[in-house]
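Participant: Just the structure for this:
(2 chains)
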Amino acid sequence: MKKNYSSLEKRESRQFFMYISPWIIGFLIFTLYPVVYSIILVFTNADMTGSGEFVGLENFKKAFSQDPLFYKSMLNTLYFVAVSVPLSLILSIIIAILLNQKNIKGMAIFRTAFYVPFITAGVAVTLLWGWIFNAQYGLINYALSFFGIEGINWLSDEKWAMPAIIIMTSWSIGNTIIITLAGLQDIPQQLYESAEMDGANRLVKFTSITLPMLTPTLFFNLVIGVINGFQIFTQPYVLTEGGPNYATYTIMMHIYNHAFKYGEMGYASTMAWILFSIIMILTLIVNRTSKHWVYYDN
Amino acid sequence: MQGQVNIQNPTIKYKAKKGKMEIATRIINYVLLVVLAAVFAFPFLWMVATALKLPTEVYTIPPKLIPKTITWDNFIEGWQYADFTRYTWNTVVVTTLAVLGTVMSAAVVAYGFARFRSRYSGLLFAIVLGTMMLPNQVLLIPTYILFSKIGWLDTLAPLIVPSFFGGGAFNIFLLRQFFKTIPKELDEAALIDGANTFQIFYKILVPAIAPALITVAVLSVAFHWNDFMSPLIYLNSDENFTLAIGLQFFQNSYGSSQVQMLMAVSLITVIPLLILFFIGQKYFVQGITMSGLKG
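Facilitator: Numbers count the residues shown, from 1 in each chain, chains lettered A, B, ... in the order given. I've put the predicted structure just below:
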């Protein structure tokens, strides 16, 4: 009897491995092998072909003491993440609450209006924003003129180029909105009903029910937002090419340039791992603090 | 009679006041929703407006939304400035094959994780989730060297082939969650009827999670259609360019002086995504809201 059971177990295990085999092969080729290879590259001066000599910690020395653009691009990226992630979280909460109302006509149209910028976010839409930010003929400066604000040279002013990219990326937060909306719909309606019986007003209901119950979703969005934010590349590359005067030059662009323009695979890999460590540390910090602000159901 | 009215009066008054407030907040919410949706939709309108303008009307102060004369020439002329037909074909090939690979392999792998137990299934699923945290940039360079060694540079293969190996951790996770919502008794009944596990998979479970599969497909279409960084890294020659690269190339060469054409071509490349979203959106919102992201 026992033997029979274990052979069943074996058969199930065999089937398990059969079905997940595409992932296992992919993991070995496209994850495990690159990770190991990349760690080796960190200690070499490898070129485009991947061959090079062992140089010890030379690449780290270069990043931290001989490459001012490394700091500049890292600071730019931090600036982007520090502003764009909270901004998109706040915006997504407001919009998701509005989208969560009942008995609103044309809700599908509203949801589409907010989601479509996410679906279309790419080079075409980045070029559109380049036109919107046009200093002379662009929409934004025109809109600002109604408030008596004089035109800003968005993409050619060092001060304003990064804010322009932040505005642009805050526009394609459709996915964050939908995930927040899903979180809102999971909040048990009875909580609101019993709070109403106790005479709670809107603000109290928001701060003592909606926000705490939404924290797991916010936590998820925060972590994903930080991970994605650190990898910002396409928008600054297409819109400003990192300029003016490196004001929108991000760490991903720096890694890209060193790897694929200058063929310094070793150095680029080193910076990739430094970036990864920073993302990891921040994620761990968020995770650690989550005990204090994320509400868990059980 | 008189007394009765007096007694009920306070409640009626209270209810009326509460009703009025409800209406007021509903109106405010409505207005907010309309204004915000307009802000989000307006850039597209601006794109359409610019694409339909004569060159003389593009650069006017103040900017005008509705062109005096509507012209379609920008679409035709812009399209001919570069080999956009070729870029579109390449993009269609990449997107179709990559999405097929993503949906098929993510579904099969998710099925494995959802339905079969093994001593290692917990550990392996933890690794799947772990790879979600591992950012692209670390894998980018070795993967490039790998593809360069097997001679895949400047071909579409690097953009397609990896999709067939699991379809991405997030998609596996999402589909596994969906498979788990379907009672296992369904599988067992089919098993007794003589179906094998693969038949159970594609005859029973796949149809049952169609909204989730459509969600994965739509997101994956959008991703591959818009992907810029991978084609930028892997493709060199004009004949292999995808739309994203072609558009950027077009902007660098002519864009700043030909905004109306740039917008026209950009619009053409965005339209397939819009159509797809409109078709898929019914399943789509359902697919995401049901995904149970809390794990």
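Participant: how close does B:Asn252 get to A:Val204?
Facilitator: The spacing between B:Asn252 and A:Val204, counted by CB to CB, to the nearest Å, is 55 Å. The way it works is simple: take the backbone N, C-alpha and C, and place the C-beta from them, glycine included.
Participant: Any stretches of the stretch 1-150 of chain A with poor pLDDT?
Facilitator: Residue ranges of the stretch 1-150 of chain A with pLDDT under 70: A:1-5.
Participant: in it, which spans are helices?
Facilitator: Secondary structure of the stretch 1-150 of chain A (DSSP state H, counting those that start in this stretch): helices at A:2-27, A:33-42, A:58-61, A:68-99, A:107-120, A:123-132, A:139-145.
Participant: which of those sits most buried?
Facilitator: Scoring those by mean neighbour count under mean count of other CB atoms under 10 Å in any protein chain shown gives helix A:123-132 as the most buried, with a mean of 25.
Participant: Just give me the neighbour total for A:Asn245.
Facilitator: Neighbour count of A:Asn245, defined by other CB atoms under 10 Å in any protein chain shown: 11.
Participant: With respect to B:Ile275, which of the helices of the stretch 1-150 of chain A lies nearest?
Facilitator: B:Ile275 lies closest to helix A:107-120 among the helices of the stretch 1-150 of chain A, at 10.9 Å (CB to CB).
Participant: Against which helices or strands is that closest one packed?
Facilitator: Applying 3 or more CB pairs under 8 Å, 6 or more residues apart in numbering or on different chains; DSSP states H and E, one finds that helix A:107-120 contacts helix A:68-99, helix A:174-185, helix B:2-51, helix B:210-226, helix B:259-289.
Participant: Can you tell me what sits against stretch B:145-159?
Facilitator: Residues outside stretch B:145-159 that contact it (CB atoms under 8 Å, 6 or more residues apart in numbering or on different chains): A:29, A:33-34, A:37, A:48-50, A:265, B:90, B:93-94, B:98, B:143, B:224, B:227, B:230-231, B:234-237, B:240, B:242.
Participant: Can you select the buried ones from those residues in PyMOL?
Facilitator: Here is the PyMOL command that picks out the buried ones among those, judged by 16 or more other CB atoms under 10 Å in any protein chain shown:
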select buried, (chain A and resi 34+37+48+50+265) or (chain B and resi 90+94+98+143+224+227+230+231+234+235+240+242)
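Participant: What pLDDT does the model give B:Gly255?
Facilitator: On pLDDT, B:Gly255 comes in at 66.
Participant: With B:Thr289 instead?
Facilitator: For B:Thr289, pLDDT reads 57.
Participant: cool, and the one 3 residues further on?
Facilitator: Per-residue confidence for B:Gly292 comes out at a pLDDT of 45.
Participant: again with B:Ala51
Facilitator: With respect to pLDDT, B:Ala51 scores 92.
Participant: what's the spacing between it and B:Pro272?
Facilitator: Using CB to CB, B:Ala51 is found at 16 Å from B:Pro272.
Participant: Could you check which of those two is surrounded by more residues?
Facilitator: Neighbours were counted for B:Ala51 and for B:Pro272 using other CB under 10 Å; B:Ala51 has more, 25 against 16.
Participant: How about the more buried one: what's its closest non-neighbour residue?
Facilitator: B:Ala264 (3.9 Å; CB to CB, 6 or more residues apart in numbering or on different chains).
Participant: which residues touch B:Leu174?
Facilitator: By CB under 8 Å, 6+ apart, B:Leu174 lies in contact with B:110, B:212, B:215-216, B:291.
Participant: Between these, which sits nearest chain A?
Facilitator: Each of those was checked against chain A using CB to the nearest CB; the closest is B:Ser291, at 7.0 Å.
Participant: Who are the contact partners of the residue in the stretch 51-200 of chain A that chain B sits nearest to?
Facilitator: Of all residues in the stretch 51-200 of chain A, the one sitting closest to chain B is A:Gly122 (2.9 Å; CB to the nearest CB). Residues near A:Gly122 by CB under 8 Å, 6+ apart: A:234, B:225-228, B:244.
Participant: if you set the cut-off to 10 Å instead, what comes out?
Facilitator: Each residue near A:Gly122 by CB atoms under 10 Å, 6 or more residues apart in numbering or on different chains is listed here: A:172, A:234-235, A:238, B:222-223, B:225-228, B:243-244, B:247, B:266, B:269-270, B:273.
Participant: B:Leu243 too?
Facilitator: B:Leu243 neighbours (CB under 10 Å, 6+ apart): A:122-124, B:84, B:86-92, B:94-95, B:225-226, B:228, B:231, B:250, B:265-266, B:268-270, B:272.
Participant: From those residues, keep the buried residues only.
Facilitator: Buried among the contacts of B:Leu243 by 16+ other CB under 10 Å: A:122-124, B:84, B:86-88, B:90-91, B:94-95, B:225-226, B:228, B:231, B:250, B:265-266, B:268-270, B:272.
Participant: which SS class is the residue nearest to the spatial centre of chain A?
Facilitator: Taking CA atoms, centre = their mean as the criterion, A:Asn228 is the residue nearest the geometric centre of chain A, at 2.3 Å. Three-state assignment for A:Asn228 (DSSP: H, G, I helix; E, B strand; the rest coil): helix.
Participant: quick one: terminal-to-terminal distance for stretch A:227-235?
Facilitator: The first residue of stretch A:227-235 is 16 Å away from its last residue (CA to CA, to the nearest Å).
Participant: host element of residue 245?
Facilitator: The chain I'm using is chain A. Per DSSP states H and E: A:Asn245 is located in neither a helix nor a strand.
Participant: wrong one, I was asking about chain B
Facilitator: Applying DSSP H and E as the criterion places B:Ile245 in helix B:243-253.
Participant: And that helix, what's buried?
Facilitator: Buried positions in helix B:243-253, judged by neighbour count with 16+ other CB under 10 Å: B:243-251.
Participant: just stretch B:76-85 next, same as before
Facilitator: Within stretch B:76-85, the residues scored as buried using 16+ other CB under 10 Å are B:78-79, B:81-82, B:84.
Participant: cool, and stretch B:115-127?
Facilitator: Neighbour-count burial for stretch B:115-127, with 16+ other CB under 10 Å as criterion, is recorded at B:115-116, B:118, B:121, B:124-125, B:127.
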